[in-house]
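Participant: Return a 3D structure for these sequence lines:
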Amino acid sequence: MLRLFPILFILLWASAFVTSKAIVFDSSPFAALSLRFGFVSFGFFLFCLFTNNKIILPIKFFFKASVIGICFHGLYLGGVFYAIDKNLSVGITAIIVSLQPILTAIFAGPLLSEVVTWKQWVGIILGFLGTLLVIGFDVGESIPIIALVASIIGLAAITSGTLLQRKIGIDIPLATSNFYQAFSAFVFLIIVTCLFESPFINFSRDFILSMSWQIIFVSFGAFTILQYLINTGTASRTATLFFLVPPVSVVMAWIFLKEQMYIIDILGLMIATIGVYIATRK
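Facilitator: The predicted model follows:
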């Protein structure tokens with residue numbers, strides 16, 4: 001079962017891009033994320049109670065998990081949702097965020113004392129090139145500056161969250177860490193919602209279905225798997241999986257949203273898959 005975790009993570013994480021389009025269509029981005037992590041933090045709280053995981057830990061653990069949670073759930077997802085809400089295409093948003101493995105590999109050495117081998121660098125380069133082929137450069141498309149900045153903030157946040165989870169988060173019980181992270185993100189997003197937007201939510205059928213999917217399968221599923229993979233592997237190797245997220249998102253959009261997929265998309269998916277295999281194999 002554990003061998004399937006990377007595949008499950010890629011599928012669940014990619015599904016978030018597809019469902020995010022429906023969510024931001026019927027809500028303001030930070031209000032939607034506040035609602036999501038209100039439910040998520042309550043869910044992890046109940047999980048800790050029923051599984052007898054300690055909820056009250058020393059304040060230093062709460063602080064560590066809170067910083068990681070704000071990076072992962074607050075700044076990263078906030079940046080992605082805000083960028084899509086401001087009409088930056090899902091494709092461009094995905095390609096910007098998919099730069100994370102390169103940044104993680106660059107900083108994993110000096111910060112985590114991880115050795116990034118030449119094979120991993122080959123895999124990272126192939127994964128990035130494959131992703132570029134799938135997404136393309138959207139030549140001639142107008143890119144809102146504020147949306148571009150938001151997506152770059154999201155990129156920096158998820159890179160920081162990945163490195164911090166590996167450096168300071170692995171000594172915190174996973175269930176309790178998830179609760180602390182989700183709750184801190186909920187408080188952070190509530191503050192951002194009150195300060196920076198006029199919140200609204202239209203509880204349409206698409207919104208309810210998409211939000212339910214993201215709460216159950218992305219927040220409870222994908223984020224837990226991601227933390228497990230980081231804790232049991234290396235940050236650089238785990239981060240390389242993100243190269244497969246944009247290509248898989250394109251395939252999902254083709255299946256569920258009836259968006260077109262071209263031969264170059266299939267070629268890019270194959271190259272990215274080979275790159276991830278080279279970079280992640282032991």
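Participant: SS state for the residue located most distally from the centre of the chain?
Facilitator: Distance from the centre of the chain peaks at residue 52, with 28.2 Å (C-alpha atoms, centre = their mean). Judged by DSSP: H, G, I helix; E, B strand; the rest coil, the three-state class of residue 52 is coil.
Participant: Now do the contacts for it.
Facilitator: By C-beta atoms under 8 Å, 6 or more residues apart in numbering, no residues touch residue 52. Bear in mind the C-beta positions are built from the backbone N, C-alpha and C, glycine included.
Participant: Tell me how far it lies from residue 176.
Facilitator: In this structure, residue 52 and residue 176 are separated by 11 Å, where distance is defined by C-beta to C-beta, to the nearest Å.
Participant: again with residue 95
Facilitator: Relative to residue 176, and taking C-beta to C-beta, residue 95 is found at 35 Å.
Participant: is it true that residue 77 touches residue 154?
Facilitator: Yes - here residue 77 reaches residue 154: they are 7.4 Å apart, a contact under C-beta atoms under 8 Å.
Participant: In terms of neighbours, single out the busier of the two.
Facilitator: Looking at residue 77 and residue 154 with other C-beta atoms under 10 Å, you find the greater number of neighbours at residue 77, namely 27 against 24.
Participant: What's the mean pLDDT across the strand or helix carrying that one?
Facilitator: Element membership of residue 77, judged by DSSP states H and E, is helix 77-85. Mean pLDDT, helix 77-85: 93.
Participant: next one: stretch 118-135
Facilitator: Rounded mean pLDDT across stretch 118-135 is 78.
Participant: Now find how far off-centre it is within its chain.
Facilitator: In terms of C-alpha atoms, centre = their mean, to the nearest Å, the centre of stretch 118-135 is found 18 Å from the chain centre.
Participant: Output it in PDB, but only the C-alpha positions, please.
Facilitator: C-alpha atoms of stretch 118-135 as PDB (Å, rounded to 0.1, in the frame of the first residue of the first chain):
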ATOM      1  CA  TRP A 118      23.600  13.900 -10.800                       C
ATOM      2  CA  LYS A 119      20.900  11.400 -11.600                       C
ATOM      3  CA  GLN A 120      18.400  13.400  -9.600                       C
ATOM      4  CA  TRP A 121      19.400  16.600 -11.400                       C
ATOM      5  CA  VAL A 122      18.900  14.700 -14.800                       C
ATOM      6  CA  GLY A 123      15.400  13.700 -13.600                       C
ATOM      7  CA  ILE A 124      14.600  17.200 -12.300                       C
ATOM      8  CA  ILE A 125      15.600  18.700 -15.700                       C
ATOM      9  CA  LEU A 126      13.600  16.100 -17.700                       C
ATOM     10  CA  GLY A 127      10.600  16.600 -15.400                       C
ATOM     11  CA  PHE A 128      10.700  20.300 -15.900                       C
ATOM     12  CA  LEU A 129      11.000  20.000 -19.700                       C
ATOM     13  CA  GLY A 130       8.200  17.600 -19.800                       C
ATOM     14  CA  THR A 131       6.000  19.900 -17.800                       C
ATOM     15  CA  LEU A 132       6.800  22.800 -20.100                       C
ATOM     16  CA  LEU A 133       5.800  20.800 -23.100                       C
ATOM     17  CA  VAL A 134       2.400  20.000 -21.600                       C
ATOM     18  CA  ILE A 135       1.600  23.500 -20.300                       C
END
